[in-house]
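Participant: Just to be clear, the model below is a prediction. Sequence and coordinates:
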Amino acid sequence: MKKKIWTLNSIAVMVVAIVVVTAYSQENVKSVQDSAFKTNMRPGAVFLHDEHNGKAEIDDCGTCHHVYKDGVKIEDETSEDMECSECHRINGNTVTLVAKYHLRCKGCHEEKKAGPVMCSDCHVK
Ligand code: HEC
Ligand code: HEC
Ligand code: HEC
Ligand code: HEC
């Protein structure tokens with residue numbers, strides 16, 4: 001009897017854990033729409049998170065979700081629980097945040113000569 005109660009409890013814990021993981025799953029990310037941009041001039045950029053990173057063969061989550069200390073990127077540390085704008089703050093001027101997104105996204109596409117570089121290929125209506 002005692003054993004059975006324990007089992008039911010652990011199932012309940014597992015169910016909660018699965019729901020929490022799904023709610024935060026990057027699989028559901030289909031576009032980028034940073035909440036810091038209060039007025040969106042363009043539609044959010046198309047970005048099928050897992051599919052994109054698989055096709056582009058990006059192994060290091062820190063390529064985008066990076067953590068720096070004293071100007072140096074720390075290997076094996078990531079910040080996927082944060083929006084880019086939580087660190088790259090707008091402070092009344094969206095230009096620098098837009099530049100960070102464009103540098104990371106478009107910059108890699110230009111470097112690899114793969115992936116979209118035209119405005120309307122990312123900001124799809
Ligand atoms: C490789 C993909 C990519 C390309 C190409 C690209 N952007 Fe973006 N852009 C992004 C991402 C990602 C963001 C952040 C999206 C967000 O949070 O809305 C962004 C944000 C923006 C924003 C600020 C958010 C808004 O909608 O007001 C503007 C304006 C913008 N881009 C304009 C442009 C223009 C103009 C071009 C072409 C010269 C361009 N982008 C090309 C990916 C791209
Ligand atoms: C090419 C850049 C890039 C790479 C590489 C990347 N991510 Fe992301 N990820 C993003 C962006 C951009 C968002 C934010 C989307 C948004 O604003 O809604 C995001 C969002 C997330 C979220 C939050 C999902 C949500 O529902 O809000 C998680 C979790 C996450 N990523 C995990 C990971 C993990 C784990 C890896 C490595 C296996 C990874 N990411 C690699 C760009 C990237
Ligand atoms: C935990 C804080 C943090 C988060 C979250 C974060 N960054 Fe950064 N990022 C930094 C720091 C610190 C640097 C190095 C100093 C600098 O250039 O601002 C940096 C550097 C960069 C650079 C290269 C610097 C340059 O301009 O040459 C780009 C591009 C960039 N980040 C884009 C992004 C994008 C896109 C996201 C979201 C997917 C993101 N960052 C999330 C802290 C963060
Ligand atoms: C480290 C390199 C790298 C970074 C960073 C990167 N991309 Fe890409 N991206 C690629 C490559 C490579 C492809 C081409 C993949 C293929 O089709 O083989 C691609 C393809 C794409 C495509 C075409 C559709 C697809 O999924 O293949 C879109 C849209 C795209 N990227 C958007 C983005 C956005 C938005 C960001 C920033 C949040 C981003 N990318 C960051 C390398 C990168």
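Facilitator: Thanks, I have it. The model shown is predicted, which means the values in this text are computed figures rather than measured ones. Ligands and ions are numbered 1, 2, ... in the order given.
Participant: quick one: contacts for the residue positioned nearest the centre of the chain?
Facilitator: If you average the C-alpha coordinates of the chain and look for the closest C-alpha using CA atoms, centre = their mean, you land on residue 80, 6.1 Å from that point. For residue 80, the contacting residues are 26, 61, 65, taking CB atoms under 8 Å, 6 or more residues apart in numbering as the criterion. In this view, the C-beta of every residue, glycine as well, is placed from N, C-alpha and C.
Participant: Distance of it relative to residue 64?
Facilitator: Taking CB to CB, to the nearest Å as the criterion, residue 80 is separated from residue 64 by 8 Å.
Participant: Residue 119 now?
Facilitator: Taking CB to CB as the criterion, residue 119 is separated from residue 64 by 20 Å.
Participant: Repeat that for residue 27.
Facilitator: Residue 27 sits 16 Å away from residue 64, going by CB to CB.
Participant: Neighbour count: those two, which is higher?
Facilitator: Set residue 27 next to residue 64 and count neighbours by other CB atoms under 10 Å: residue 64 wins out with 18 against 10.
Participant: so what's that one up against?
Facilitator: With CB under 8 Å, 6+ apart, residue 64 has these contacts: 58, 84, 104.
Participant: what do you get for residue 87?
Facilitator: Applying CB under 8 Å, 6+ apart to residue 87 gives the contacts residue 79.
Participant: Do you know the pLDDT at it?
Facilitator: Model confidence at residue 87, given as pLDDT, is 97.
Participant: Tell me the buried residues in stretch 31-41?
Facilitator: Using 16 or more other CB atoms under 10 Å as the burial criterion, the residues of stretch 31-41 that qualify are 32, 34, 37.
Participant: Where strands are concerned, which of those count?
Facilitator: In this view, these that belong to strands under DSSP state E are residue 32.
Participant: can you redo the buried residues of stretch 31-41 as CSV with pLDDT and distance to ligand 4?
Facilitator: Formatted as CSV, these follow (pLDDT from 0 to 100; distance: CB to the nearest ligand atom, whole Å):
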residue, pLDDT, distance to ligand 4
32, 96, 5
34, 95, 10
37, 94, 14
